[in-house]
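**Student:** Below: sequence and its predicted model.
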Amino acid sequence: MYEGKDRATGDRIFRPLGGGVEFGETAAEAVHRELREELDAELTNVELLGVLENIFRWEGRPHHEIAFVFGADLVDRSFYERDDLGKVLDADDEVSWRPLSHFSQPAPPVPLLPPGLLGLLGR
């Protein structure tokens, strides 16, 4: 997960890594490319878990996203042995592992986005 902070409101959020689908690529190709760009990581066993739609405001502007949510394994198993994974290579966002139980509390201190993600992950 990476932790983001809305500069307009100060709200904090957690999101899984990922990004946009470029013209001419599939969503599955995009998840491979994004994890290469963000963590210099390769994926295996990539599986589409579902699709979520999210309409929200971020940094004072309206946004609308269609999120393809994938499950996958990291080829380099050493990623699983670290608590903190550093920063996203093309941004300044810290990346770390978070237990899903942290987000299933009645009022988690920092929400997990997009809404509905915990349901796709079996929580």
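**Tutor:** That came through fine.
**Student:** Contacts only, for Leu48.
**Tutor:** Ala27, Ala28, Phe68, Val69, Phe70 (CB atoms under 8 Å, 6 or more residues apart in numbering). Any C-beta I mention is one placed from the backbone N, CA and C, and that applies to glycine too.
**Student:** neighbours around the second one, how many?
**Tutor:** This points to Ala28. Using other CB atoms under 10 Å, Ala28 has 16 neighbouring residues.
**Student:** Got the confidence number for the closest residue to it other than its chain neighbours?
**Tutor:** Nearest non-adjacent residue to Ala28, counting by CB to CB, 6 or more residues apart in numbering: Val46, 5.8 Å away. Per-residue confidence (pLDDT) for Val46: 97.
**Student:** phi, psi of Val46?
**Tutor:** Main-chain dihedrals, Val46, degrees, to the nearest 10: phi -70, psi 130.
**Student:** Distance of it relative to Gly24?
**Tutor:** In this view, Val46 and Gly24 are 18 Å apart by CB to CB, to the nearest Å.
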